[in-house]
Structures are given as structure tokens and as C-alpha cells.
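In: Here's my sequence, what's the structure:
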Amino acid sequence: MQEEDEPPRGSSPRTEKPEEATRPAPVWRADLGPRPLSALLPRLTRPAFKRRSPAAAHLMTDWPEIVGPALAAQSMPLRMTGGTLTLRCAGPMAMELQHMAPQLVARINTALGQRLVERLRFVQGAMPPPAPRAKRPPPAKLPAAVSEALEAVPDPELRAALARLGQGVYRRR
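Out: Numbers count the residues shown, from 1 in each chain. Predicted coordinates for the structure are as follows:
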């Protein structure tokens, strides 16, 4: 038997802490199975959002809708620092955009919903080539009922126009 002076087996007097000084044990997650993606996203996206603000991301994705397709083909936003928006554009286009700067700033701030852009800075550089357009799918085969109805049309020009219309309608389905 143990004497009363000896600590219980497996413990030493140095490692035991008084009751009031002990902290609650950390709660560990028992299941290591799948976790919801929403629990992981903040840690993963924090570095990206530190580099780019939501307003800059909105500008990058919606640039053609904000400035129009003609200007979007000639310019692209690079970064937004403070109140300065840096745009890349071809050399000759920089001068034209400089003259349009007040209108562009107003249009951009209207799209963002608040006055975030105060001035524009232009960097001359080559623009990336536009994305290739998707090829048009081949004409759809018209159903037999539509083909029979077209044969009843006496005018050949009208029949051809109706056939093209039908192919366009059935191509989208």
C-alpha cells in the first residue's frame, strides 16, 4: 500500500497543479470527416481579398459592361490603389482615355455605387487578344411536321426564310 506522504502512482508533485490554476482542456474535433466548405473558405480567401478589394474584383469582371465594349477592347483595369485606378491600354489610346477620364471616373463610380475612384493612371502595354468566338452549331434538322407545313408554302423565298427561322428556333433547343 501507499503511504499518505507519497503521491499516487503515475504523478509527481511537480506536475500537479492546484485546481484553480488549471485551464479547461481544449476541445478537439472528434470526427475528422468532411467539413462544410463554408468553414474552410474564410481562411483560404483571406489572402486574396487582402490583395484585391471587392470593388476591384467587380471592375475586373464587369469592365465591358461598365465602359462599353469599344473601350473594353482597348483598355483593361490592372489594379486599384487608394483612389487611383490603373488601366492598361495601347499607346495611342492612352491620350484618348486621358481626355475621357472625368466621364470614365463618373461611370465607374456609378457602377460601383460609391465614390471609390478619384483618378485614373494609364500604363501603356499590349492588350491580350480577344477570346475566340464560339462556333455556331450546325443547322438543326426540322421535325417532319414542320417540313410538311413548309412544303405547302407556294412562294420559294418565303419557304426558305421560314426554313431558316425554324432551324434557328430548333438550334437553340
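
In: quick one, strands of this structure?
Out: Assigned by DSSP state E, the chain shows strands spanning 75-81, 84-89, 119-124.

In: quick one: contacts for residue 94?
Out: 122, 124 (Cβ atoms under 8 Å, 6 or more residues apart in numbering). Just so you know, the C-beta spots here come from the backbone N, C-alpha and C atoms, and that holds for glycine as well.

In: where does the chain dip in pLDDT?
Out: Scanning the chain with the threshold set as pLDDT under 70 gives 1-33, 35-53, 130-131, 172-173.

In: Show me the domain layout of it.
Out: 50-124, 136-173 (automatic domain parsing).

In: In the sheet, which residues pair with the nearest residue to residue 76 once chain neighbours are set aside? Tell me.
Out: Excluding the flanking residues, the one nearest residue 76 by Cβ to Cβ, 6 or more residues apart in numbering is residue 88, at 5.2 Å. With DSSP bridges as the criterion, residue 88 is bridged to residue 76, residue 123.

In: Report how many residues lie close to residue 88.
Out: 19 (other Cβ atoms under 10 Å).

In: my read: residue 77 touches residue 87, true?
Out: Yes: Residue 77 lies in contact with residue 87 (Cβ atoms under 8 Å); the separation is 5.8 Å.

In: ok, these two, which is more surrounded?
Out: Neighbour totals were compared for residue 77 and residue 87, and residue 87 leads with 23 against 20 (other Cβ under 10 Å).

In: I'd like to know how far that one sits from residue 142.
Out: In this view, residue 87 and residue 142 are 49 Å apart by Cβ to Cβ, to the nearest Å.

In: re the thing from before, just list the residues touching the residue nearest to residue 76, thanks.
Out: 75, 76, 77, 78, 122, 123, 124, 125, 127.

In: Just give me the neighbour total for the closest residue to the last one other than its chain neighbours.
Out: In space, not counting the residues next to it along the chain, residue 127 is nearest to residue 90; the distance is 6.0 Å by Cβ to Cβ, 6+ apart. For residue 90, the tally of surrounding residues (other Cβ under 10 Å) stands at 15.

In: cool, and the one 5 residues further on?
Out: Here the neighbour count serves as a burial measure; for residue 95 (other Cβ under 10 Å) it reads 11.

In: re the thing from before, quick one: which of the strands of the chain is nearest residue 134?
Out: Among the strands of the chain, strand 75-81 comes nearest to residue 134, with 21.5 Å by Cβ to Cβ.

In: thinking again about what came up before, could you check how far the residue nearest to residue 127 is from residue 71?
Out: Between residue 90 and residue 71 the computed distance is 12 Å (Cβ to Cβ).

In: what do you get for residue 120?
Out: Distance of residue 120 to residue 71, given as Cβ to Cβ: 12 Å.

In: That'll do, ta.
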